[in-house]
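# sequence below, structure please.
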Amino acid sequence: MGNVMRNSAPPDKIAATHTAAGTESDFLAVLYDYPPSDISEPIFYFGEKLRVISDEGGWWRVVSLKTGRENYIPAKCVAKVYHGWLFDGVGREKSEQLLELPEVKTGSFMIRQSETKKGSYSLSVKHRQVKHYRIFRLPNNWYYISPRLTFQCLEHLVNHYSESADGLCCVLTTPCLTQQSVNIADVRQEVPVMRRKKPFNWRSMKRMSLAAEDPEPSVETDDSFLSYGLRQSIASYLSLAGDDSYSIPSTEHNKKQNRKSNIFSRNSVISDRSSYTEGYR
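Below you'll find the model as predicted:
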């Protein structure tokens with residue numbers, strides 16, 4: 001058995017790639033709709049790619065690379081993906097479901113931890129159907145699928161079979177779920193339009209009209225929210241402050257208030273007289 005590394009990138013090139021773009025290719029893959037459809041409309045769907053914003057201890061705060069939607073999702077509903085193709089915590093059944101999604105093309109692949117042997121990996125590839133290949137590990141930590149070809153690391157193995165099938169069902173083309181990658185900056189966020197109300201200028205009170213019956217209040221004054229009692233209080237304050245030139249203009253609103261007050265006073269007097277007469281009799 002020879003240690004052959006045909007058509008593989010030099011170690012220094014691989015290391016440089018990981019340093020520069022490793023974080024960009026790491027993401028979370030949704031393994032279960034969340035929340036379940038029997039509870040409510042899911043926020044995230046199976047097979048969706050998520051970019052991590054923060055780890056909240058058992059929960060991830062994420063943003064979808066497909067829709068741009070931001071929310072929380074429990075850690076048990078997702079799998080960590082490194083380098084774009086190394087899936088952590090994905091079994092055989094889930095790997096087949098992911099590779100059989102409509103947008104996943106032939107030749108798409110993933111490497112996952114083997115369910116049968118701890119410390120070893122499996123290569124899953126989409127062809128006419130999903131094919132699985134055991135990746136064996138030697139005592140010196142080199143890897144191989146076929147005993148005649150061994151590789152120093154998994155990156156070398158992927159590089160080699162991306163250029164030649166060399167016994168596999170087809171050449172490895174793109175990592176699983178790569179087709180979902182989008183630029184979050186290009187996703188239009190629906191932001192509600194907020195209308196800011198102009199702040200009330202108390203210093204302009206002496207120059208503004210406080211009439212409540214004005215059918216078209218001006219934008220500059222915007223006094224439609226002032227009640228009769230509040231205008232009375234403002235006038236009293238300005239009077240105590242020494243501004244005797246200020247007075248509230250006589251308006252129809254004032255007249256109505258005065259009429260109501262007079263009617264109430266007359267009714268009170270009549271009621272008092274009736275009570276007095278009844279008592280006298």
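
# per-residue pLDDT, the closest residue to residue 49 other than its chain neighbours?
Nearest non-adjacent residue to residue 49, counting by CB to CB, 6 or more residues apart in numbering: residue 65, 4.2 Å away. C-beta here means a position set from N, CA and C on the backbone, and glycine is covered the same way. Per-residue pLDDT puts residue 65 at 92.

# show me where pLDDT drops low in the stretch 1-150 of the chain?
Residue ranges of the stretch 1-150 of the chain with pLDDT under 70: 1-24.

# secondary structure class for residue 148?
Assigned with DSSP: H, G, I helix; E, B strand; the rest coil, residue 148 falls in the coil class.

# buried residues, stretch 129-148. List them.
Of all the residues in stretch 129-148, those buried under the rule 16 or more other CB atoms under 10 Å are 130-131, 133, 135-136, 142-145.

# make that stretch 94-101, sorry
94-95, 98-99.

# what lies in contact with that stretch?
The contact list for stretch 94-101, computed with CB atoms under 8 Å, 6 or more residues apart in numbering, reads 29, 31, 46-47, 79, 87, 90, 104, 108-110, 112, 122, 124-126, 130, 132, 176-177.

# equivalent analysis for stretch 172-179, please.
Contacts for stretch 172-179 (CB under 8 Å, 6+ apart): 29, 47, 49, 81, 83-85, 87, 95, 98-99, 101, 103-110, 124-126, 158, 161-162.

# repeat the analysis, applying 7 Å as the threshold.
The contact list for stretch 172-179, computed with CB atoms under 7 Å, 6 or more residues apart in numbering, reads 29, 47, 49, 84-85, 98-99, 103-105, 107-110, 125, 158, 161-162.

# picking that back up, which of the buried residues of stretch 129-148 sit farthest apart?
With CB to CB as the measure, no two of the buried residues of stretch 129-148 lie farther apart than 130 and 142, at 26.2 Å.

# let's see stretch 127-143 as CSV, backbone CA atoms only.
The C-alpha coordinates for stretch 127-143 follow below in CSV (Å, rounded to 0.1, in the frame of the first residue of the first chain):
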residue,chain,number,x,y,z
HIS,A,127,-25.8,10.1,-8.7
ARG,A,128,-28.8,8.2,-10.1
GLN,A,129,-29.3,7.4,-6.4
VAL,A,130,-27.3,8.3,-3.4
LYS,A,131,-24.1,6.3,-3.0
HIS,A,132,-22.1,5.8,0.2
TYR,A,133,-18.4,5.1,0.5
ARG,A,134,-16.6,4.2,3.7
ILE,A,135,-13.5,6.3,4.3
PHE,A,136,-11.0,4.3,6.2
ARG,A,137,-8.4,5.7,8.6
LEU,A,138,-4.9,4.3,8.9
PRO,A,139,-2.9,4.3,12.2
ASN,A,140,-0.8,7.2,10.9
ASN,A,141,-4.1,9.1,10.4
TRP,A,142,-4.0,9.0,6.6
TYR,A,143,-7.3,8.3,4.8
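
# contact partners of it?
Residues outside stretch 127-143 that contact it (CB under 7 Å, 6+ apart) are 3, 92, 96, 99-100, 106, 111, 114, 119-125, 144-145, 150-152, 154, 157, 168-170.

# hey, where'd the strands end up in the chain?
All strands of the chain, identified by DSSP state E, fall at 27-30, 49-55, 59-64, 70-74, 78-82, 86-88, 109-113, 121-126, 130-137, 143-144.

# what are the ranges of the helices in this structure?
11-21, 92-99, 154-163, 228-240, 252-280 (DSSP state H).

# which stretch in these has the least confidence?
helix 11-21 (a mean of 35).

# and residue 170, how many neighbours?
15 (other CB atoms under 10 Å).

# find the nearest non-adjacent residue to residue 47, please.
Nearest non-adjacent residue to residue 47 (CB to CB, 6+ apart): residue 101, at 4.9 Å.

# same question for residue 89.
Using CB to CB, 6+ apart, the nearest residue to residue 89 is residue 79, at 4.6 Å.

# quickly list what the one you found is bridged to.
Beta-bridge partners recorded for residue 79 (DSSP bridges): residue 29.

# what number of residues lie near it?
Neighbours around residue 79, by other CB under 10 Å: 21.

# and it, how far is that from residue 94?
From residue 79 across to residue 94, the span is 8 Å (CB to CB, to the nearest Å).
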